[in-house]
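Asker: Sequence first, predicted coordinates after that:
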Amino acid sequence: MWLTRIFALAAFSIVPCYAFYDCPRARCETCLPANTYDAPGVGFDLTPSYGTSAVHYSNGTVVDVIQIPGKPEYLELMTRLAKGGKPVLIEDQGIFQSSYFKLFSLLDSFLGFPFPARAGWRWLNEMLKRPVEVDDITIISEMLRDLQLTTEKQILQGLNRVAITTPDIQTLNSEMINSALQELDLQPWTGDCPWYPRRLVEADAVYAASGHGLCKNYHDLWQCTDEFEWASSPTILFVSFTRQLLYTSITTPIGGEALLRFAYDDMKFLDFELGLDRILEADNPDLLWARLREQIKRFSLSSEFRITGFLLAGESTTDPLFLTNLKDALAGLSEPHIESKIVPFALMGSAQGENPIEKPMDLTFAAARGAALYARRRQEVQCDCSEPEECTLLRQKERSDGQVKLDL
């Protein structure tokens, strides 16, 4: 009986320990090499209508690389997923496809060498001179490939790992993104460690890119969390406005901390009828602008808590007509200092009294910048241990001994 009580007490103490980062981390037996530690962080943002790429260098410089408009099949895919449609996958397209897919999966699992099922199915089609089946993962992979190729030209080196952010659409899950990355021999910076996010959502990435919720001592998860222990949690309205759609969400970062493994949108709303192109091409644009104002106002009022801050993102966010209608929609719903700060290229308010960032930021790339920042920080830490101080000295010696080739 007493053994049972001991085990129960140990289990009870371990759970909160892991939940709140109170346990001491193990000491790393090896140090990260300088080529990994100093490598640029690369972030991609997959919006429902386009993809963007950004690079965050170790000296703090951030570069917006490229915006790639979505092809018709990409736009159709995102519209279907946003409306709750089921993803179309190769393994679901028929009995023969399913059988071959399972066979390649077994090879991958039991033979002990890389033979991914999707690559195997594509190889078989090529051998049989059959047309390659296109499914949703292939469509996403093509967008990621275009971002990858352009980014590699920017950093003058091959890329093997990237952080990706997406809108919080349930059917656009991390499994789909990771499968698309696998086709390109890329690895994600999410889902690789239980202490870090399984996925990055756009609102949280923009929040981080705008300089909010970032802990100073990010090399130590425990101390990082302690920085926000007594901080209140803001309620943030996130508005992404593009040529194709309006996406709004409400998120509540725990203690105001960004890039947590628990980050997600508490509420979200998406309308493909309210993109800037659709509004300007309408016979009566005023009707759609009124609908946009009503949607944002109603959505904000539906929040359980009062909006204390908000963020903007998207290629059409700085349109003067949009900003005017946004300000009208938010009138009386949020704190006065937030409503007065509706200006282009800026963070829209903060629940903790922080000042908006001083340097202008192109909001088209805001989420990609947040993802790149996350990748940059993750490259400096190991998942399950804390590095000893001598690791810093070892990396300094590596740098002084010769040119370090950055490992991406």
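Answerer: Thanks, I have it.
Asker: quick one, phi/psi of residue 247?
Answerer: With angles defined as degrees, to the nearest 10, residue 247 sits at phi -120, psi 120.
Asker: Centroid-nearest residue for this protein?
Answerer: residue 165 (2.1 Å; CA atoms, centre = their mean).
Asker: now for the helix or strand where that residue lies, which elements pack on it?
Answerer: Using DSSP states H and E, residue 165 maps to strand 161-166. On a contact count with 3 or more CB pairs under 8 Å, 6 or more residues apart in numbering; DSSP states H and E, strand 161-166 meets strand 41-46, helix 174-183, strand 187-188, strand 200-201, helix 202-209, helix 366-378. (C-beta placed from N, C-alpha, C; glycine too.)
Asker: out of all of them, which helix in the chain is the longest?
Answerer: helix 136-155 (DSSP state H).
Asker: which of the residues in that helix are buried?
Answerer: Residues of helix 136-155 classed as buried: 136-144, 147-148, 151, 154-155 (neighbour count, 16 or more other CB atoms under 10 Å).
Asker: How about stretch 36-48?
Answerer: Going by 16+ other CB under 10 Å, stretch 36-48 has these buried residues: 36-48.
Asker: List the residue ranges of the stretch 251-400 of the chain that fall below the pLDDT cut-off.
Answerer: 334-359 (pLDDT under 70).
Asker: That one: helices as residue ranges?
Answerer: Remark: helices assigned in the stretch 251-400 of the chain by DSSP state H, counting those that start in this stretch are 276-281, 285-301, 320-330, 336-339, 366-378, 390-401.
Asker: Doesn't residue 248 lie inside a strand?
Answerer: Yes - according to DSSP: H, G, I helix; E, B strand; the rest coil, residue 248 belongs to a strand.
Asker: what sits against it?
Answerer: Shown in contact with residue 248 (CB atoms under 8 Å, 6 or more residues apart in numbering): 237-240, 268-270, 295-296, 299.
Asker: and what of residue 194?
Answerer: Counting by CB under 8 Å, 6+ apart, residue 194 touches 261, 383.
Asker: how about the helices of the stretch 251-400 of the chain, which one is nearest residue 201?
Answerer: Of all the helices of the stretch 251-400 of the chain, helix 366-378 sits nearest to residue 201, with 8.8 Å by CB to CB.
Asker: hmm, back to that, buried subset of the contacts of residue 248?
Answerer: Among the contacts of residue 248, those classed as buried by 16+ other CB under 10 Å are 237-240, 268, 270, 295-296, 299.
Asker: quick one: which of those is nearest residue 69?
Answerer: For the buried ones among the contacts of residue 248, the nearest to residue 69 is residue 240 (15.6 Å; CB to CB).
Asker: and the angle from the host helix or strand of the closest one to helix 320-330?
Answerer: In this assignment (DSSP H and E), residue 240 forms part of strand 236-241. Taking axes from the mean of the first three to the mean of the last three CA atoms, to 10 degrees, strand 236-241 and helix 320-330 form an angle of 150 degrees between their directions.
Asker: Neighbouring strands of strand 236-241 in the sheet, and parallel or not?
Answerer: Paired with strand 236-241 in the same sheet, following DSSP bridges, are strand 246-251 (antiparallel), strand 309-313 (parallel).
Asker: Residues contacting that strand, please?
Answerer: Counting by CB under 8 Å, 6+ apart, 47, 167, 202-203, 206-207, 246-253, 265, 275-276, 296, 299-300, 303, 307-314, 316-317, 319, 322, 326, 330, 334, 351 sit against strand 236-241.
Asker: Please, a PyMOL command that selects the buried ones among those?
Answerer: To isolate the buried members of the contacts of strand 236-241 in PyMOL, using 16+ other CB under 10 Å:
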select buried, resi 47+167+202+203+206+207+246+247+248+249+250+251+252+253+265+275+276+296+299+300+303+307+308+309+310+311+312+313+314+316+317+319+322+326+330+334+351
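Asker: and the strand holding residue 240, C-alpha only, in PDB?
Answerer: C-alpha atoms of strand 236-241 as PDB (Å, rounded to 0.1, in the frame of the first residue of the first chain):
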ATOM      1  CA  ILE A 236      -6.300  40.400 -29.100                       C
ATOM      2  CA  LEU A 237      -8.300  40.900 -32.200                       C
ATOM      3  CA  PHE A 238      -6.400  39.700 -35.300                       C
ATOM      4  CA  VAL A 239      -7.500  41.000 -38.700                       C
ATOM      5  CA  SER A 240      -5.900  39.800 -41.900                       C
ATOM      6  CA  PHE A 241      -7.200  41.500 -45.100                       C
END
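Asker: so how far is the longest helix of the chain off the chain centroid?
Answerer: 16 Å (CA atoms, centre = their mean, to the nearest Å).
Asker: one step back: tabulate the helices and strands packed on strand 161-166 in a markdown table, adding columns for distance to residue 260.
Answerer: Shown next, in a markdown table, are the helices and strands packed on strand 161-166 (distance: least, CB to CB, whole Å):
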| stretch | distance to residue 260 |
| --- | --- |
| strand 41-46 | 17 |
| helix 174-183 | 16 |
| strand 187-188 | 17 |
| strand 200-201 | 10 |
| helix 202-209 | 8 |
| helix 366-378 | 11 |
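Asker: since we're on residue 29, how many residues are nearby?
Answerer: For residue 29, the neighbour count with other CB atoms under 10 Å is 9.
Asker: tell me the contacts of it?
Answerer: Residues in contact with residue 29 (CB under 8 Å, 6+ apart) are residue 385.
Asker: Is it correct that it falls within a helix?
Answerer: No - Residue 29: not assigned to a helix; according to three-state DSSP it is coil.
Asker: out of the helices of the stretch 251-400 of the chain, which comes closest to residue 190?
Answerer: Of all those, it is helix 366-378 that lies closest to residue 190, at 8.2 Å by CB to CB.
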